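Q: structure, please.
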Amino acid sequence: MIPLNQNLNSLKRSSIRRYTNMARETEDCAMLTIGEPDLDTPENIKAAAIAAIAGNQTHYAPNQGTIALRQAVADYETARGNETKPENVLITIGACHALFTALLGILNPGEEVIVPTPGFLLYDSIATVAGAKAVPLDISKTGFQITKEALDACITEKTKAIIINSPCNPTGTVFSRESLENVKQAILGKPVFLIVDNVYNQLSFTDCPDLSLDDALKEQTILCQSFSKPWAMTGWRVGYLTCPDYVMDRLLLLSASEITAVPTFIQNAAMEALKTDPAPMREIYRKRRDYVCRRLDEMGLNYPKPEGAFYVFVDISRFGLNSEEFCTRMIREGKLAVVPGSCFGAEGYIRLSYCYSDGELQRGLDRLEAFISTLEGGKT
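A: Numbers count the residues shown, from 1 in each chain. Alright, predicted model coming up:
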């Protein structure tokens, strides 16, 4: 056997997919695992792509993205307070590609990126591929907020970046102004990047402070965004990043070598999405959140109340099972699949997704209630 890139040796398949597959292989198993909207892409967005195909917009796009979409993104970001020029926008294959390009572009072997935990473990995987190290910043014991003391303990001379995701996957919590001020003071003027993963920003149910809007950090900030969540466009695979000129100069070359460019007709659909108000979808998720939280309260389960996105991070520590044991048994015995907290770097929790239909949510929560009743009855 010929040796491969040793940085890939520690990579593992996503537990989200693993438990979803287990559910699909189990007869009559309800699923509340994947963070994929059950809603369809709005008709006007689909029509924009169809019209672009009919108009033969099926040729290579510029590596950085069409000027029309980059201008639309720049206008959109500027309108929300993040002054942006088209030349500072890179169109990507979703936020995952944006994050991969950003982190691979800035991290050198041996450098460190701070990741608030629980968090999306893709960040760790990308750091590993880059030969760098993800440093977990445990926020589970501080109300899922970032304290100065905990952050200071993570910073070393090797720190190259910190990632902020708010509202957060998997908790749905929003970082407070105090949390973000702690981040700002820790990195301002230092050779440390701020990576803002804003994929759930438009699905916030409350005031959502955003550090990417802080002009003082402009030259240190890389913003990653996706069209997937707010407009139910997961399968379209389109997103963008914004960054300073000196960063774009290098990231554009990296992205061009990875993907060449995002398909032209998909970029037309993305332009239409930016004109489309995501509020109706957000209100659907808000109502689902309220239903799920009411049911969990009735079951006596604890969780940080979601302030955005479409996840609840439920504390299951009282049942005496680790999260993988809990989830595996619930699939086999309770016919319900959710995701173990260990997938996000936090033991003693499960992540429940509520971007499913009302009927599927009711079915899933009924099964969760029945399963924990068996555990409380001593059948462990």
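
Q: A47 versus C168, what's the distance?
A: Using C-beta to C-beta, to the nearest Å, C168 is found at 34 Å from A47. For glycine as for every other residue, the C-beta is placed from the backbone atoms N, C-alpha and C.

Q: show me which of those two is the more surrounded one.
A: C168 (27 against 13; other C-beta atoms under 10 Å).

Q: which residues touch the more buried one?
A: Contacts for C168 (C-beta atoms under 8 Å, 6 or more residues apart in numbering) come out as P116, P118, G119, F144, V174, F175, Y200, A309.

Q: mind redoing it with 7 Å?
A: Residues near C168 by C-beta atoms under 7 Å, 6 or more residues apart in numbering: G119.

Q: now do it, the pLDDT please.
A: We have a pLDDT of 97 for C168.

Q: secondary structure class for it?
A: coil (DSSP: H, G, I helix; E, B strand; the rest coil).

Q: and it, its phi and psi?
A: With angles defined as degrees, to the nearest 10, C168 sits at phi -100, psi 140.

Q: how close does it sit to L211?
A: 13 Å.

Q: mind listing the shared neighbours of the two?
A: By C-beta under 7 Å, 6+ apart, no residue touches both C168 and L211.

Q: show me the shaky parts of the stretch 1-150 of the chain.
A: Filtered on pLDDT under 70, the stretch 1-150 of the chain yields no residues whatsoever.

Q: and the strands in it?
A: Secondary structure of the stretch 1-150 of the chain (DSSP state E, counting those that start in this stretch): strands located at 30-31, 89-92, 112-117, 133-138.

Q: can you convert those strands into TSV and add a column each for mean neighbour count?
A: Formatted as TSV, the strands of the stretch 1-150 of the chain follow (neighbours: other C-beta atoms under 10 Å):
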stretch	mean neighbour count
strand 30-31	22
strand 89-92	27
strand 112-117	24
strand 133-138	18
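
Q: end to end, how far does stretch 341-353 reach?
A: Taking C-alpha to C-alpha, to the nearest Å, the first and last residues of stretch 341-353 lie 13 Å apart.

Q: buried residues in it?
A: G341, S342, C343, F344, G345, A346, G348, Y349, I350, R351, L352, S353 (16 or more other C-beta atoms under 10 Å).

Q: could you work out the most separated pair of these?
A: Greatest spacing in these, by C-beta to C-beta: G348 and S353 (18.6 Å).

Q: quick one: closest of the strands of the stretch 1-150 of the chain to P42.
A: Judged by C-beta to C-beta, the one of these that comes nearest to P42 is strand 89-92, at 19.9 Å.

Q: where does pLDDT dip in the stretch 151-300 of the chain?
A: Within the stretch 151-300 of the chain, no range satisfies pLDDT under 70.

Q: from Q57, how far off is the residue nearest to A270 when sequence neighbours are not counted?
A: Closest residue in space to A270, ignoring its immediate chain neighbours: V238 at 5.0 Å, by C-beta to C-beta, 6 or more residues apart in numbering. Distance, V238 to Q57, by C-beta to C-beta: 14 Å.

Q: beta partners of I222?
A: I222 forms beta bridges with I195, as assigned by DSSP bridges.

Q: wait, what's in contact with the nearest residue to P86 once chain neighbours are set aside?
A: Nearest residue to P86 in three dimensions, chain neighbours excluded: R70, at 4.0 Å (C-beta to C-beta, 6+ apart). With contact taken as C-beta under 7 Å, 6+ apart, R70 is in contact with Q64, P86, V89, I91.

Q: and the first one, how many neighbours?
A: For Q64, the neighbour count with other C-beta under 10 Å is 22.

Q: A strand includes G235, no?
A: No - assigned with three-state DSSP, G235 falls outside any strand and is helix.

Q: next one: it from T41, what distance?
A: Where T41 is concerned, G235 sits at a distance of 8 Å (C-beta to C-beta).

Q: I162 too?
A: 33 Å.

Q: of these two, who's got more company?
A: Taking neighbours as other C-beta under 10 Å, I162 and T41 compare with I162 leading, 26 against 19.

Q: is that one bridged to anything, and to what?
A: I114, L194.

Q: what residues are up against it?
A: Here I162 is in contact with V113, I114, V183, I187, V192, L194 (C-beta under 7 Å, 6+ apart).

Q: hmm, the fifth one is touching E157, no?
A: When you say that, I think you mean V192. No - contact criterion C-beta atoms under 7 Å: V192 and E157 do not qualify, at 10.7 Å.

Q: which of those two has more neighbours?
A: V192 (20 against 7).

Q: what's near enough to touch N44?
A: E272, T276.

Q: and it, how far from A61?
A: Taken as C-beta to C-beta, the span from N44 to A61 is 21 Å.

Q: kindly report the same for P230.
A: 23 Å.

Q: got the phi and psi for P306?
A: Per degrees, to the nearest 10, the backbone of P306 is at phi -60, psi 130.

Q: quick one on the thing from earlier: for the residue nearest to A270, the count of nearby residues, please.
A: 24.

Q: swap in the one 4 residues further on?
A: By other C-beta under 10 Å, 25 other residues sit near T242.

Q: same check, this time on E283
A: Residues near E283, counting by other C-beta under 10 Å: 11.
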